[in-house]
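Engineer: Quick one: sequence plus predicted model below, questions after.
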Amino acid sequence: MSRSLEKVGRFRMEGEMIVIYLDGIGSFQVGKSQVISFLLRLGEEVIRDRDGGAVGMMSLSGSGRGVKMMIKERLYVAPVRRVKRVLEGKEKKGAVFGVK
């Protein structure tokens, strides 16, 4: 089964937060330290809106190459490599893709 991906937003570091911008939906955030712990396979992380309310979960894909973000009942993905490069400050931002 093949799924198609469509670029629907981006993410970037803002202070100690990773902020996820989804076109037409809004922005969401996850703490930098939480993202690092989940990249080390220490579990899933909660994605929050700007007011701090939980809106979804972030987890690793089965292959470990993708970051899965379930936000408001929709699945989004970003490449783990790009997330790490943004965390390390080597890149300013990365793409977020919607899964169809």
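Structural biologist: Received the coordinates, thanks. Since the model is a prediction, treat every value here as computed from it, not as a measurement.
Engineer: Can you pull the poorly scored residue ranges out of the protein?
Structural biologist: 1-2 (pLDDT under 70).
Engineer: do that again at 90, thanks
Structural biologist: 1-3, 37-38, 40-44, 62, 100 (pLDDT under 90).
Engineer: can you pull out the helices in it?
Structural biologist: Ranges of helices within the chain are 32-39, 80-87, based on DSSP state H.
Engineer: Including mean neighbour count, could the ones you listed go into CSV?
Structural biologist: Heads up, the C-betas are built off the backbone N, CA and C, glycines and all. Formatted as CSV, those follow (neighbours: other CB atoms under 10 Å):
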stretch, mean neighbour count
helix 32-39, 17
helix 80-87, 17
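Engineer: Would you reformat the ones you listed as JSON lines and include distance to residue 55?
Structural biologist: Shown next, in JSON lines, are the helices of the chain (distance: least, CB to CB, whole Å):
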{"stretch": "helix 32-39", "distance to residue 55": "14"}
{"stretch": "helix 80-87", "distance to residue 55": "18"}
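Engineer: Could you point out which of these sits nearest residue 99?
Structural biologist: Among the helices of the chain, helix 80-87 comes nearest to residue 99, with 15.6 Å by CB to CB.
Engineer: for this protein, longest strand please?
Structural biologist: Criterion DSSP state E: the longest strand present in the chain is strand 5-14.
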